[in-house]
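>>> this is the structure alone, sequence omitted:
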């Protein structure tokens, strides 16, 4: 499923126009991004939790030259599925 398919399903499920559904989806994604950028946590009860984890700096290897390189530390988003979502899949 891609964004267009999701917008279509939201529009049908909420009985709104596709434009309104797309604005709602975009707004939701933007709100989640902003909260994660601040270092916050977004919990959607029954669905899951979005949070940020700091990945430490490490050494890697350039596959073309086989040279050792330094990989900078980075903040990465993580998602932990909630119990209701896990139960819905099994």
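Everything's here; your move. Quantities reported herein were computed from a predicted structural model and do not represent experimental measurements.

>>> where in this protein is pLDDT low?
For the chain, no stretch has pLDDT under 70.

>>> now do the domain split for the chain, please.
1-38, 39-90 (automatic domain parsing).

>>> among those, which is the most enclosed?
Of all the domains of the chain, domain 1-38 carries the top mean neighbour count, a mean of 12, counting by mean count of other C-beta atoms under 10 Å. C-betas here are computed from N, CA, C, even on glycine.

>>> now find how far off-centre it is within its chain.
13 Å (C-alpha atoms, centre = their mean, to the nearest Å).

>>> got the end-to-end distance for that domain?
From its first residue to its last, domain 1-38 covers 29 Å (C-alpha to C-alpha, to the nearest Å).

>>> now do the SS call for residue 51.
Residue 51 falls in the strand class when you classify it by DSSP: H, G, I helix; E, B strand; the rest coil.

>>> quick check: it touching residue 75?
No: in this structure, residue 51 is not within contact of residue 75 by C-beta atoms under 8 Å, at 10.4 Å.

>>> where do the strands sit along the protein?
Under the criterion DSSP state E, the chain contains strands at 42-44, 48-55, 58-61, 68-71, 74-81.

>>> need those strands in JSON lines with distance to residue 29, can you?
Converted to JSON lines, the strands of the chain look like this (distance: least, C-beta to C-beta, whole Å):
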{"stretch": "strand 42-44", "distance to residue 29": "11"}
{"stretch": "strand 48-55", "distance to residue 29": "11"}
{"stretch": "strand 58-61", "distance to residue 29": "29"}
{"stretch": "strand 68-71", "distance to residue 29": "27"}
{"stretch": "strand 74-81", "distance to residue 29": "12"}
